[in-house]
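Trainee: One predicted model, sequence on top.
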Amino acid sequence: MGTDARALSRRAFLSATALPIADGLLQQQSALAGDQGGEKGTPLKSGLVLRQRQPENLEFPFHSLESFITSNDRFYVRNHYPVPPVDPKTWKLKVEGSVDKSLELPLEEVLKSESRTMTVTLECAGNSRGFLVPKENGVLWELGAVSNAKWKGVSLADLLDRAGVSKNAVDVVLVGADAGPVADPKSPGPISFARSVPIEKVKKNEVLLAYEMNGNLLPVAHGFPLRAIVAGWYGMASIKWLSRIVVLDKPFDGFFQSIEYSYFERKNGLPSLVPITAMQVKAEIARPTLYEVIPAGTKYRMHGAAWAGESSIAKVEVSTDGGKTWNGAKLLGEPVPFAWRLWEHSWDVPMTKGRTTCMVRATDSQGRIQPMERDPDRRNYMISHVLPIEVNIHSASSQD
Ligand SMILES: Nc1nc2c(c(=O)[nH]1)N[C@H]1C(S)=C(S)[C@@H](COP(=O)(O)O)O[C@H]1N2
Ligand SMILES: [Mo]
């Protein structure tokens, strides 16, 4: 690797760890929602939408989507527990389980490994839950529990090579420093936020342990000092405030992948709960927004983003008549593996005023297309069916 990356990030970290900057970050983090007032569902000063104050859950205002990269202060935040106190001076990453040699790595050691950079879109498995009827339990996200950033860190595969993974290993558990009790089913005390990833996915270099986000130190809200980025998967696997990595010879059955973040898969006609993994193909409309008033007889720029998890976007289509007819949208920029693709479409808005429903649907490179209807086997996760956005066409001449 170049001298730049290692030297620079090491310096950034060493100074960060020596100074009370980490305390500053913590204060900044807890001030994020608290200081800014705001009712649930309303925008904070940062522009993020408050969904829950404690633990802090903040939504990216998807209608403001303008660029491929989401800036750090606009990236959605999904927390299950209060942000854990992490002191970078004493922080260590434990690597244990089915390995030749357990490791306890201080931050410096992690930073010494060869760095990699990946642009990866994270979508919460509960994104768009607010659209479900009847109303579901859980955080009622609209369109913005999804964001895209450039992450820099070390490949989990490289780190595991140092520990020497046993040949019987099948699963790698990522454990966060945050923990809390679970009410239903009642847990025997606090449970850490944790999630496993199969060893094959790790070996493909698709799991990054990131310490930088969009060229800056990883913000506390996003997992400082180190978080996992599991490329192509829903966000729940991208463990923040990483503290332990446990290699197992059997699949892990933790709460956050067997009870929460699981869905019904039909095997021989029998529904069985399986962990949620890769993101489904999905497109969303940034503009127009729900109930937006659009002038009749004009050209309107519809735009948004589409993503397909471990696959890639082949096609995006839009409808402005409630799904009766569909038109191809233009895919913008170049495809980037594991990142969303922006799209746009120029709509010739009709002269007739009244309500109409806009829709978007994406198809991936394997021919998978977004369904029109919600699949109940998915419980209240993986909400990727076509979402109707009703708008009002308004004639410029009349005042109503
Ligand atoms: N330690 C820890 N990691 C976590 C979570 C958490 O609550 N604790 N939430 C997960 C979920 S459900 C999502 S969608 C992503 C969100 O990452 P972000 O807050 O950086 O957007 O973090 C994941 N990693
Ligand atoms: Mo999530």
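Mentor: That came through, no problem. Note that the structure is predicted; figures quoted are calculated from it, not measured. Ligands and ions are numbered 1, 2, ... in the order given.
Trainee: so what's G269 scoring on pLDDT?
Mentor: The predicted structure scores G269 at 89 on the pLDDT scale.
Trainee: scratch that, G38 is what I was asking about
Mentor: Model confidence at G38, expressed as pLDDT, equals 60.
Trainee: Repeat that for S395.
Mentor: At S395 the predicted local confidence, pLDDT, stands at 86.
Trainee: Then T17?
Mentor: According to the per-residue confidence, T17 scores 38 in pLDDT.
Trainee: quick one: E109 is in a helix?
Mentor: Yes. Counting by DSSP: H, G, I helix; E, B strand; the rest coil, one finds E109 located in a helix.
Trainee: now it: how far from I294?
Mentor: Distance of E109 to I294, given as C-beta to C-beta, to the nearest Å: 56 Å. For the C-beta atoms, the positions are set from N, CA and C on the backbone; glycine is no exception.
Trainee: ok, the two, which is more surrounded?
Mentor: Counted by other C-beta atoms under 10 Å, E109 and I294 do not tie: I294 has more neighbours, with 19 against 15.
Trainee: The more buried one: which element?
Mentor: When elements are defined using DSSP states H and E, I294 is found to belong to strand 293-295.
Trainee: just checking, what packs against that strand?
Mentor: Strand 293-295 sits against strand 389-394, with contacts defined as 3 or more C-beta pairs under 8 Å, 6 or more residues apart in numbering; DSSP states H and E.
Trainee: Could you give the number of residues near the closest residue to ligand 2 within the stretch 301-400 of the chain?
Mentor: Taking C-beta to the ion as the measure, the point where the stretch 301-400 of the chain comes nearest ligand 2 is Y381, at 8.6 Å. Neighbour count for Y381, taken as other C-beta under 10 Å: 21.
Trainee: Do I have it right that it meets P275?
Mentor: No. When contacts are counted by C-beta atoms under 8 Å, Y381 is not listed as touching P275 (10.6 Å).
Trainee: shared neighbours, those two?
Mentor: Y261 (C-beta atoms under 8 Å, 6 or more residues apart in numbering).
Trainee: May I have the helix or strand containing E200 exported as PDB, CA atoms only?
Mentor: Assigned by DSSP H and E, E200 falls within helix 199-203. Once non-C-alpha atoms are left out, helix 199-203 reads as follows in PDB (Å, rounded to 0.1, in the frame of the first residue of the first chain):
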ATOM      1  CA  ILE A 199     -17.100 -17.200   6.100                       C
ATOM      2  CA  GLU A 200     -17.500 -17.400   2.300                       C
ATOM      3  CA  LYS A 201     -18.800 -13.800   2.200                       C
ATOM      4  CA  VAL A 202     -15.800 -12.700   4.300                       C
ATOM      5  CA  LYS A 203     -13.300 -14.500   2.000                       C
END
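Trainee: That helix - what's its average pLDDT?
Mentor: Taken as a whole, helix 199-203 carries a mean pLDDT of 98.
Trainee: buried ones in that helix?
Mentor: Within helix 199-203, the residues scored as buried using 16 or more other C-beta atoms under 10 Å are 199, 201-203.
Trainee: Next: stretch 52-64.
Mentor: Of the residues in stretch 52-64, those buried by neighbour count under the rule 16+ other C-beta under 10 Å are 52, 56-63.
Trainee: can you narrow these to ones near ligand 1?
Mentor: When those are checked against ligand 1 using C-beta under 6 Å from any ligand atom, none falls in range.
Trainee: Paired strands for the following helix or strand past the helix holding E200, with orientation please.
Mentor: Toward the C-terminal end, the helix or strand that comes next after helix 199-203 (DSSP H and E) is strand 207-213. Paired strands of strand 207-213, with direction, are strand 146-155 (antiparallel), strand 216-217 (antiparallel), strand 227-230 (antiparallel) (DSSP bridges).
Trainee: Give me whichever of these is most buried.
Mentor: strand 227-230 (a mean of 24; mean count of other C-beta atoms under 10 Å).
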